[in-house]
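1. model the following, please.
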Amino acid sequence: MISEREKLVCSRLRTFRELLEIPRSRFSISIGYATERIASYESGRAPVRYEVFKAVTSRYELSPQWLATGIGSPKLPGPFDDAPFAKSVSPRALFTGVYDSFIAGQLVKQQDKLARLESLRTDPPARLRSEMLEYLGKLESLAKSIRTSLRLSDPEQNTSLTGVDVSVNIASVNSQLANLLHRLHIVTKEPGKKSELADFLSAPLASVSRWLSGEREPGGETTLRMLEWVRAQEANQTKSPGRALTQPEPKTQLRKMSHEKQKPKSGQVKR
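-> Prediction:
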C-alpha cells in the first residue's frame with residue numbers, strides 16, 4: 001500500500017498525460033520506460049520515483065510543484081533545472097521526498113526573487129528612480145539634438161520625448177544618418193582625414209572605417225560627434241576654397257606654314 005499523497009501524485013501523472021492527449025504506450029516510449037511500469041504509476045500501485053519525474057519533465061516540462069501539490073500550472077514555463085542538488089539525489093528516490101528536501105526550497109527562493117523583481121519594477125527605490133529619470137532626460141536630450149542637427153523636416157518627427165514615449169520616425173532618422181555618412185565620405189576622401197576623424201572621436205581607425213562603410217552603426221553620442229566634426233570640416237572648406245585645380249594653358253603663336261600658297265598679284269601670270 002502507498003500513502004494517499006503518493007496516490008494523488010500518481011493520479012496527477014495520469015492527468016498530465018491525458019492533458020497531452022498522448023496514448024500511454026507512446027508516452028512510455030517517449031520517456032524511455034515500459035508501458036507496464038507507467039501503468040503501475042498511473043493506477044497508484046507504485047509511488048512515482050524521481051527518475052520518472054525527471055524523464056517526464058525533460059520531455060514535456062512537467063511542473064514539480066503541480067505534481068507534488070496540485071498548485072499552479074501542470075506545465076513549466078521553461079526547462080526544469082536540478083543542477084543545484086542533482087549530486088545529492090538518488091534517481092531511485094521517491095519524487096515526494098526529493099520535492100520536500102530540495103525542490104520546494106528552490107521554488108521558494110525563485111518566488112522570493114521574482115517578488116523582489118516585481119517590487120523593484122512597480123515601486124523602485126529613490127536611487128533607482130533618480131537614475132531612471134536622469135537616463136530618460138539624457139535620452140530626450142540626445143533625440144532632440146539629433147533631430148535639430150540633422151534638420152528633420154517633418155513636423156510630426158519633432159515631438160518631444162516624455163517618459164519612455166519615443167516617437168522619432170525610424171525611416172527618416174535612417175535617411176538622415178545616410179546623408180551624414182555621405183557627407184563624411186566626401187570630406188574623408190582627402191588623405192589623412194580618416195585618421196583625423198578617428199583622433200577626434202578617440203576611436204580606433206578600424207571602427208571609423210566600419211562606420212563609414214555601413215558595416216556597423218555608431219552610437220548616438222558618436223553620431224553627434226561625427227556630425228560636429230564634418231560640419232567643422234565643411235565650414236573650413238567654405239572659408240578656404242583653395243587654389244584652382246587647373247592652371248590656364250600658355251598661349252601659343254600660330255605661324256604661317258612656309259609651304260602655304262600665296263595668292264598671285266595683279267598682272268602676274270601663273271606659271
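2. number of residues surrounding the residue nearest to Arg225 when sequence neighbours are not counted?
-> Nearest non-adjacent residue to Arg225, counting by C-beta to C-beta, 6 or more residues apart in numbering: Leu201, 5.6 Å away. C-beta: built from backbone N, CA, C; applies to glycine. For Leu201, the number of neighbouring residues by other C-beta atoms under 10 Å comes to 18.
3. give me the below-cutoff pLDDT ranges for the stretch 151-271 of the chain.
-> Along the stretch 151-271 of the chain, the parts satisfying pLDDT under 70 run over 151-175, 239-271.
4. do a quick rundown of the helices in it.
-> With DSSP state H, counting those that start in this stretch applied, the stretch 151-271 of the chain shows helices at 170-187, 193-201, 205-213, 220-239, listed in chain order.
5. CSV for these, including distance to Tyr50?
-> Formatted as CSV, those follow (distance: least, C-beta to C-beta, whole Å):
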stretch, distance to Tyr50
helix 170-187, 52
helix 193-201, 59
helix 205-213, 53
helix 220-239, 52
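6. related to what we said a few turns ago, the residue nearest to Arg225: what's it in contact with?
-> Residues near Leu201 by C-beta atoms under 8 Å, 6 or more residues apart in numbering: Val208, Thr222, Arg225, Met226, Trp229.
7. go through those residues and name the one nearest Ala68.
-> Nearest to Ala68 among those, counting by C-beta to C-beta, is Thr222 at 54.1 Å.
8. pretty sure the closest one sits against Phe200.
-> No: in this structure, Thr222 sits apart from Phe200 without contact. The criterion is C-beta atoms under 8 Å, and the distance is 10.6 Å.
9. that's a strand at Leu80, yeah?
-> Not quite, residue 80 is Phe, not Leu. No: when classified by DSSP: H, G, I helix; E, B strand; the rest coil, Phe80 is found to be coil rather than part of a strand.
10. what pLDDT does the model give it?
-> With respect to pLDDT, Phe80 has a value of 83.
11. ditto for Glu51
-> If you check Glu51, the pLDDT there is 96.
12. against Gly105, how distant is it?
-> Shown here: Glu51 relative to Gly105, a distance of 20 Å by C-beta to C-beta, to the nearest Å.
13. more neighbours, the two?
-> Comparing Glu51 with Gly105 by neighbour count (other C-beta under 10 Å), the higher total belongs to Glu51, at 17 against 13.
14. for that one, give me its contacts.
-> By C-beta under 8 Å, 6+ apart, Glu51 lies in contact with Pro91, Arg92.
15. which residue ranges make up each domain of this structure?
-> Listed domain ranges for the chain are 4-121, 129-239 (source: automatic domain parsing).
16. start to end distance for stretch 209-225?
-> Distance between the boundary residues of stretch 209-225 (C-alpha to C-alpha, to the nearest Å) amounts to 16 Å.
17. now do it: distance to the chain's middle.
-> The chain centre lies 17 Å from the centre of stretch 209-225; the measure is C-alpha atoms, centre = their mean, to the nearest Å.
18. what lies in contact with that stretch?
-> By C-beta under 8 Å, 6+ apart, stretch 209-225 touches 142, 145-146, 149, 177, 180-181, 184-185, 188, 194, 200-201, 203, 207, 226.
19. which SSE is the nearest residue to Ser30 once chain neighbours are set aside in?
-> What sits nearest to Ser30 in space, not counting adjacent residues and going by C-beta to C-beta, 6+ apart, is Arg59, at 5.8 Å. In this structure, Arg59 is located in helix 50-60 according to DSSP states H and E.
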